[in-house]
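>>> Sequence first, predicted coordinates after that:
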Amino acid sequence: MNGRWMGRWFMVVAVLHTALAVVMFKEQWMEIAQSGVVDAVTASATRGKAAWFGLFGLLLFLFGATIDALESVGRPQPLLVSAGTLLLAVIGIALMPKSGFWFVLPPVVAALIRRP
């Protein structure tokens, strides 16, 4: 695949991830809101899981936007970023094979193959 797609891929996955976080953890998000948000996850593992799931979606979106900005000016991802993202995906897949970490592989492998 050529063109500007890797950053956008991550952003789409991030939006889907965040939407899934809202749907899967609707009850926990309501509890967090009802608890006043501040320090609302400390005493509850399920609220903490909801928070991390949602926050990871935001982080993934910001990551995708950064990759898209690099792509827009024709710059490759730094090797450390590509290798680190691949490591994150491999660890995530090993820990949770039935997860969305598989969606990280297409753009990160493409970034590694595309290196100058």
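Looks like it came in fine. Numbering: from 1, shown residues only.

>>> hey, let's count contacts and neighbours off CA atoms from now on
Fine.

>>> What are the buried residues along the helix or strand encompassing Gly7?
According to DSSP states H and E, Gly7 maps onto helix 6-24. For helix 6-24, burial by neighbour count (16 or more other CA atoms under 10 Å) applies to 6-11, 13-15, 17-18, 21-22.

>>> elements contacting the longest helix seen in the chain?
When the chain is parsed with DSSP state H, its longest helix is helix 45-72. The contact analysis (3 or more CA pairs under 8 Å, 6 or more residues apart in numbering; DSSP states H and E) places helix 45-72 against helix 6-24, helix 26-34.

>>> rank those by pLDDT, which is bottom?
With a mean of 92, helix 26-34 has the lowest mean pLDDT of the helices and strands packed on helix 45-72.

>>> Could you check the angle that one makes with helix 45-72?
Calculated by axes from the mean of the first three to the mean of the last three CA atoms, to 10 degrees, helix 26-34 forms an angle of 100 degrees with helix 45-72.

>>> Need the contact partners of the helix holding Gly7.
29, 50, 53-54, 57-58, 60-69, 71, 103-104, 107-108, 111 (CA atoms under 8 Å, 6 or more residues apart in numbering).

>>> one more time with 7 Å, if that's ok
Ala50, Phe53, Gly54, Gly57, Leu58, Leu60, Phe61, Gly64, Ala65, Ile67, Asp68, Pro107 (CA atoms under 7 Å, 6 or more residues apart in numbering).
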